[in-house]
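>>> here is the input, now give the coordinates:
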Amino acid sequence: MVGGTPMAYATLATGPSEVMDIAIDGDYVYWLVNHQLASTSDVFRVPKIGGASEHVAHVDARVYSFALDDTYIYLPEWVQSDAGGAFLRVIKSGGTPEVIEDHLRYLNFVAVHDGGVYLAALVDEPTIDYQLWRYPLGGGTHEVLVDGLRGPESLAFDAANLYVTTAGDSMFHQAPRAGGTAVEPMPSMYALHTLSDGDRIYVMSGAIDYCTSSRISAWQPGAAGLIDLGPLGSCANDLALSSRGVLAVDDTSHAVFEFALDGSGRQTVVSGLTRPMAIAAEPDGSTIYWGDFDTGEIDRLDR
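Numbers count the residues shown, from 1 in each chain. Model prediction:
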């Protein structure tokens, strides 16, 4: 924002609608399209500097999120049937996805961090019990880190612990990075999204029912309370973190917001969007990327 006026942005690509997730590496912006009526999904990429977009992979199932490492894109299939679906990976330059593990149900979350790929699988439907698993980046059998979760939605880390939010009950869990029993360090936070810079943990708190009064908060592990960074209102669809602040896309406000890490408040970065669904940012916050669910636009803002 300059002088109180939201900044102009450029459209890098316009693909199919129903953009669900977005991610970046050093050269490309990647995005995931979930064709909900067809129950299929596609991954695309476009150079950050602009140019022709490429189709990277097709999946014959719904996929709601994806993650990148240096070599692969990881894709969890969301399948309800007893046969389940597959956890897939595909080379970032494109190709046919390969199966890491199959016959898993309700896969809705994946993350990559520090040599591991993290997945959440439903292991008991009557109790809605999910486990958080970790696979080695180079391939291999998963290990169970945390049990008894109601739909993991996001994951963050510091030097000693992992932090996971669960969409089924808006709870914020803490467990050792090596795995173990999870605790709720800040009861009644009602968190949905979480991020970390390795020191402080950032969350969207207040995610209750229709989520009409959520806030972006910071928490120093071990502290008794939260640091309020500002109000959001309805729940953000997605968050991203840079050294400048926490970025949020909200399809109710049709805007991109930034919450300064020093607590100085919220700014509207871009307004007048259609239905922003997913966001990513360069670590220094100099460039922001987002995808629009309705229009299929992949946009870039340089600051």
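>>> can you tell me the helix or strand for Asn108?
Following DSSP states H and E, one finds Asn108 outside all helices and strands.
>>> now it: how far from Tyr190?
Taking C-beta to C-beta, to the nearest Å as the measure, Asn108 falls 19 Å from Tyr190. Quick note: C-beta positions are derived from backbone N, CA and C, even for glycine.
>>> how many other residues sit next to Arg62?
Each residue near Arg62 was counted by other C-beta atoms under 10 Å, and the total is 21.
>>> same check, this time on Glu125
Count around Glu125 with other C-beta under 10 Å applied: 11.
>>> OK, contacts around it?
The contact partners of Glu125, by C-beta atoms under 8 Å, 6 or more residues apart in numbering, come to Arg105.
>>> repeat the analysis, applying 10 Å as the threshold.
Shown in contact with Glu125 (C-beta atoms under 10 Å, 6 or more residues apart in numbering): 80, 82, 105-106.
>>> element containing the nearest residue to Leu119 once chain neighbours are set aside, please.
Nearest non-adjacent residue to Leu119, counting by C-beta to C-beta, 6 or more residues apart in numbering: Trp133, 4.9 Å away. Here Trp133 sits within strand 129-136, counting by DSSP H and E.
>>> the helix or strand following that strand - what's its average pLDDT?
The helix or strand immediately downstream of strand 129-136 is strand 143-149, counting by DSSP H and E. Taken as a whole, strand 143-149 has an average pLDDT of 97.
>>> over to stretch 202-219?
Averaged across stretch 202-219, pLDDT comes to 87.
>>> distance from that stretch to the middle of the chain?
Computed by C-alpha atoms, centre = their mean, to the nearest Å, the chain-centroid distance of stretch 202-219 equals 16 Å.
>>> which parts of it are buried?
202-207, 211, 214-219 (16 or more other C-beta atoms under 10 Å).
>>> list the neighbouring strands of the strand holding Trp133 plus their orientation.
Applying DSSP bridges, strand 129-136 is found paired with strand 116-124 (antiparallel), strand 143-149 (antiparallel).
>>> separation between the nearest residue to Glu101 once chain neighbours are set aside and Tyr9?
In space, Glu101 comes closest to Phe87 once its chain neighbours are excluded; the distance is 4.8 Å by C-beta to C-beta, 6+ apart. Applying C-beta to C-beta, the value for Phe87 to Tyr9 is 34 Å.
>>> same question, His142
Look at His142 and Tyr9: by C-beta to C-beta, they are 39 Å apart.
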